[in-house]
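Sharing a model prediction with you, sequence too.
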Amino acid sequence: MLDYHVHLWPHPERADPADLTIERLGRYCERAKDAGVDEIALTEHFFRFAQGRQVVDGFWADEPDERLRDYMARYFDHHATADLDRYVETVEAARRAGLPVVTGLEVDYYPGQMEKVSALLDGYPFDVLLGSIHWLGTWMFDIVNSPEQMEQWDVRGDDTTWRAYARAIEELSGTGVCDVLAHPDLVKVTGRPVAAAVVDEVEERIAEAASSCGLAAEISSAGLHKPVREAYPSVRLLERFRRRGVPVTTASDTHGIARVADAAPHLHAMASTAGYSSLRAWRGRAGHDVPLGPCPPSAGGPIDRGEGGGGGTGGPTAGRRRGGGATAGQERTGRAARATGDRTAETFEQDPPAEFT
């Protein structure tokens, strides 16, 4: 098993250079090993780094909505403080010291600027790059605890938003910048009901984008902690990936040590049930397959998956689906337990700092 989506800092925190130590990464690896996970990828956000901001700074300037424009600017002011050189050097040093860790980054889609993004990233010895869609234009659609972001769902409409997300996935995939689609159906994060036909259309487009562009897809436990209450991708989308021969990784998307290797047995069951016997790992942006292996032991982890922890087929209810469409009891999560041993914040994927809310 792998955890190929690991962050160092919860979103409300500014990056602290003191956290970039081999000793701290060693604790991450120990936690992963205890959960039956053999290797982790450090994949901090591109927008966490000053060098990244220099490349894409001000992409929000043409946004006509002053609130969205200001929110994005303040978001980058808060996040883009870390040094990319030091981050890469620390992860590379950890691997040389024998830790089972690879060097990665999570990269958002910046329309019209991906060539500049790629040129910056080409100067570093990354093993794997995740591709993500966290915003459409300057709308940060997955910050579920921000009223000003959430009200845009009603302004723009669910069907339109889902199709815009699919288009962004297609465009990002076509840039060739990334290796893996992270949380590939993140658009379902709110759990809002969406027309079944639209969900089918968007899932088909996502699967085709991954397949035609030679990308892998991520099976992520992060959605278990979001309003949608199911893993990414949905069972249906995972089956579409499998039919097209799209390889997969497994991932927690932890922000801090608390959820390293989160729900590994659940992710293993999803992969196995879909017909996967291997996972895709990376070295130097070259992928190779590793055995899925036996199911990791259940350690009680930060979540209680309740009934049907292995997922389900989902399906329409009165012609609509709730996000990924899991039926009652499928991919359900209970309350998150607070972990000890490191700073943690039980936050959503894109939580703003406190002063943003």
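Yes, it's here.

Please count neighbours and contacts with C-alpha atoms only from this point.
Fine.

hey, where'd the strands end up in the protein?
2-7, 39-45, 101-108, 128-132, 180-181, 193-195, 216-220, 248-251, 254-255, 278-283, 286-291, 320-322 (DSSP state E).

right, so of those, which gets closest to residue 158?
strand 193-195 (6.4 Å; Cα to Cα).

Return the list of helices and strands in contact with that closest one.
helix 158-175, strand 320-322 (3 or more Cα pairs under 8 Å, 6 or more residues apart in numbering; DSSP states H and E).

ok now it, how far from the chain's centre?
Chain-centre distance of strand 193-195: 22 Å, with Cα atoms, centre = their mean, to the nearest Å.

That one pairs with which strands?
strand 320-322 (antiparallel) (DSSP bridges).

any idea of the mean pLDDT for the partner strand?
For strand 320-322, mean pLDDT rounds to 52.

what do you get for stretch 171-181?
Mean predicted lDDT for stretch 171-181 stands at 98.

Please apply the same query to stretch 107-118.
97.

what about it, how long is it end to end?
Stretch 107-118 has an end-to-end distance of 10 Å (Cα to Cα, to the nearest Å).

Please enumerate residues in contact with it?
For stretch 107-118, the surrounding residues in contact (Cα atoms under 8 Å, 6 or more residues apart in numbering) are 45-47, 52, 55-56, 59, 129-134, 168, 172, 175, 177-178.

Out of those residues, which end up buried?
Neighbour counting with 16 or more other Cα atoms under 10 Å marks 45-47, 52, 56, 59, 129-134, 168, 172, 177-178 as buried within the contacts of stretch 107-118.

Pull the contacting residues for residue 182.
Taking Cα under 8 Å, 6+ apart, one finds 130, 131, 132, 217, 218, 220 in contact with residue 182.

Now the two most distant members of the residues you listed.
Greatest spatial distance in the contacts of residue 182: 131 and 220, 13.5 Å, computed using Cα to Cα.

With adjacent residues omitted, what lies nearest to residue 250?
The spatial neighbour of residue 250 that comes closest, neighbours along the chain excluded (Cα to Cα, 6 or more residues apart in numbering), is residue 219 at 4.8 Å.

How much space separates that neighbour from residue 82?
Noted for residue 219: a distance of 28 Å to residue 82, by Cα to Cα.

Equivalent analysis for residue 20, please.
For residue 20, the distance to residue 82 equals 10 Å [Cα to Cα].

related to what we said a few turns ago, and residue 219 and residue 82? Which one has more around it.
Between residue 219 and residue 82, counted using other Cα atoms under 10 Å, the more crowded position is residue 219 (30 against 19).

Wait, the more buried one touches residue 180, no?
No: using Cα atoms under 8 Å, residue 219 is not in contact with residue 180; the gap is 10.4 Å.

Could you report the neighbour count for the closest residue to residue 144 other than its chain neighbours?
Closest residue to residue 144 apart from its sequence neighbours, by Cα to Cα, 6+ apart: residue 150 at 6.1 Å. Neighbour count for residue 150, taken as other Cα under 10 Å: 17.

Then residue 289?
14.

Next: residue 119.
12.

just the one 5 residues further on next, same as before
When neighbours are counted by other Cα under 10 Å, residue 124 registers 15.

So residue 11 is in contact with residue 143, correct?
No: in terms of Cα under 8 Å, residue 11 does not count as a neighbour of residue 143; the distance is 11.0 Å.

in terms of contact, does the residue nearest to residue 144 touch residue 141 like I think?
Yes: with contact defined as Cα under 8 Å, residue 150 reaches residue 141; the gap is 6.7 Å.

And residue 297, what's its pLDDT?
At residue 297, the pLDDT value in this model is 88.

give the contact list for it.
Contacts of residue 297 were listed using Cα under 8 Å, 6+ apart, and they are 35, 36, 265.

how about a cut-off of 10 Å?
Listed by Cα atoms under 10 Å, 6 or more residues apart in numbering, the contact set of residue 297 reads 34, 35, 36, 264, 265.

Just the buried ones from the residues you listed?
Buried subset of these (neighbour count, 16+ other Cα under 10 Å): 35, 36, 264, 265.

In helices, which of those appear?
When DSSP state H defines the helices, the subset of those inside them is 264, 265.

which one of the buried ones among the contacts of residue 297 sits closest to residue 106?
Checking these one by one against residue 106 (Cα to Cα), the nearest turns out to be residue 264, at 20.5 Å.

Could you check how far the residue lying closest to the closest one once chain neighbours are set aside is from residue 249?
Among residues not flanking residue 264 along the chain, residue 296 sits closest, at 6.5 Å (Cα to Cα, 6+ apart). Separation of residue 296 from residue 249 (Cα to Cα) stands at 15 Å.

Comparing the two, which residue is more hemmed in?
Neighbour tally, residue 296 and residue 249, criterion other Cα under 10 Å: the higher count belongs to residue 249, 26 against 19.

Spit out the contact partners of the more buried one.
Residue 249 neighbours (Cα under 10 Å, 6+ apart): 1-5, 180-182, 216-220, 267, 271, 278-281, 289-290, 292.

how close does it get to residue 80?
Residue 249 is 27 Å from residue 80, by Cα to Cα.

Counting neighbours, what do you get for residue 191?
Counted with other Cα under 10 Å, residue 191 comes out at 18.

hmm, I was thinking of residue 286
11.

Now it: closest residue in space, sequence neighbours ignored.
Nearest to residue 286 is residue 127, by Cα to Cα, 6+ apart, at 7.4 Å.
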